[in-house]
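K.L.:
coordinates only, sequence not included:
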């Protein structure tokens, strides 16, 4: 009774958040608060609360109450002011100086997402995405957690646009921007299960692309970016939001890439602890899966393609060839030559790192181990290569000019020589047709480069780099940044 009397006697008319709390308490205590409820619905009250929430002088408790009041207003007016209030919540996530208020605003924004129309959801998502581009950690720190969940209310076409934008942000020279983009992709992947129920779309290809973006972060040359990627990957397997089956699917998808990329990282003390923490979460899930479901079932293509080359540098033309071969059902292995007899190439490790950066997000595409040298002119090496893949058919990938001119193809055939190997042969438009019959007794698949990749060559890229010209149309943007930084 004492509390009820105090609540009823309080004069909160001057502050809408306090009045809202008084109404809430009065309702719980069984008081008559109809007159006070009427005051909350006065025109302009919501705008006043929104303005006060952005003021530094307003106590954080009143800001938190203001968020609750605005959320209640959306529920009461049927979403008439939903866009205005949603925009305010997104601003609070960006600029509020109190973490509690930011988190309350983020949760409130997710609560009213179903009320917003599709075009309004897209408008809010675009504004929040732009905040990631500022590179200011104090602004973008808390956005990814809520942006990643909010964009799952977008239509498939708009969601694909967000994924493309995150891929672009991964190429930013600003580490904070890349980290925020990775965190957003991680939040999207963690909560992606709900998307199929909302839009009736499984989106397996989109899920693979998002997982690939996290792996690209793990291959980044910057230690801080690799650490963020490790943290996100580990948290996915520790998440309560990501289901058991989704974790199993994610693990079978990324395990081979993850193992390779972790092994490629330089030994840094702090990164070691990030790796240990991430692997700890993954190992717990592996043990749980082994107990509950037995061993994992990994998907292995029936054919393996061995693609040797100088790759100086690895261009979009090379990548187009790799994708074309992979899409034929191959698992592609890229072998970076130690040196080139015919041209002055960059150091082997630099070229290998460029290839690794470019293919990190492409599944069923891998770098071939450096400690297993393969000379296509040596039958013993080719025999060992086929023995490495006992359950797969091995194909050699070569250009039509190599098949026509290389001395190994002109030599006499021997057991396990290059002539007996299966081949994937690609050629550019305008190149002469290969002679018939080919000096190859194995199976042959011939491919031609897509027209938009015809003019891309490693020689042209090197010339443009020497002249300090833009090369973004020839290679991945992240590779361009790597080249000019080195």
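P.N.:
Sure, I can see it. Keep in mind it's a predicted model, so treat the numbers as computed, not measured.

K.L.:
Against residue 108, how distant is residue 74?
P.N.:
Residue 74 is 9 Å from residue 108, where distance means CB to CB, to the nearest Å. To be clear about C-beta, it is placed using only N, CA and C from the backbone, and glycine gets the same treatment.

K.L.:
next one: residue 349
P.N.:
Going from residue 349 to residue 108 by CB to CB gives 50 Å.

K.L.:
Mind checking which of those two has more residues around it?
P.N.:
More crowded of residue 349 and residue 108, by other CB atoms under 10 Å: residue 108, with 23 against 10.

K.L.:
does the more buried one sit in a helix or strand, and which one?
P.N.:
Secondary structure assignment for residue 108, by DSSP states H and E: helix 99-112.

K.L.:
what helix or strand is the most centrally placed residue in the chain on?
P.N.:
For the chain, residue 213 is the residue whose C-alpha lies nearest the centre (CA atoms, centre = their mean; 2.5 Å). Secondary structure assigned from DSSP H and E places residue 213 in helix 204-218.

K.L.:
got a pLDDT number for the residue nearest to the centre of the chain?
P.N.:
As predicted, residue 213 sits at a pLDDT of 95.

K.L.:
That one contacts residue 254, doesn't it?
P.N.:
No. Using CB atoms under 8 Å, residue 213 makes no contact with residue 254, being 11.3 Å away.

K.L.:
can you map out the helices along the stretch 51-200 of the chain?
P.N.:
Remark: helices assigned in the stretch 51-200 of the chain by DSSP state H, counting those that start in this stretch are 60-77, 82-95, 99-112, 118-132, 137-140, 143-150, 156-169, 175-190, 193-199.

K.L.:
nearest to residue 284, of the ones you listed?
P.N.:
Comparison of the helices of the stretch 51-200 of the chain against residue 284 by CB to CB identifies helix 175-190 as nearest, at 16.6 Å.

K.L.:
who does that closest one touch, helix- and strand-wise?
P.N.:
Judged by 3 or more CB pairs under 8 Å, 6 or more residues apart in numbering; DSSP states H and E, helix 175-190 is in contact with helix 118-132, helix 137-140, helix 143-150, helix 156-169, helix 204-218, helix 223-238.

K.L.:
Secondary structure element for residue 301, which one?
P.N.:
Counting by DSSP H and E, there is no helix or strand that carries residue 301.

K.L.:
What count of nearby residues applies to it?
P.N.:
For residue 301, the count of nearby residues is 15 (other CB under 10 Å).

K.L.:
do residue 82 as well
P.N.:
A count of neighbours around residue 82, defined by other CB under 10 Å, yields 21.

K.L.:
returning to that earlier point: out of the helices and strands packed on helix 175-190, nearest to residue 57?
P.N.:
Closest to residue 57 of the helices and strands packed on helix 175-190, according to CB to CB: helix 137-140, at 19.3 Å.

K.L.:
Can you work out which other helices and strands pack against the closest one?
P.N.:
The helices and strands touching helix 137-140, judged by 3+ CB pairs under 8 Å, 6+ apart, are helix 82-95, helix 118-132, helix 175-190.

K.L.:
And the contacts of it?
P.N.:
The contact list for helix 137-140, computed with CB atoms under 8 Å, 6 or more residues apart in numbering, reads 94-95, 131-132, 134, 176-177, 180.
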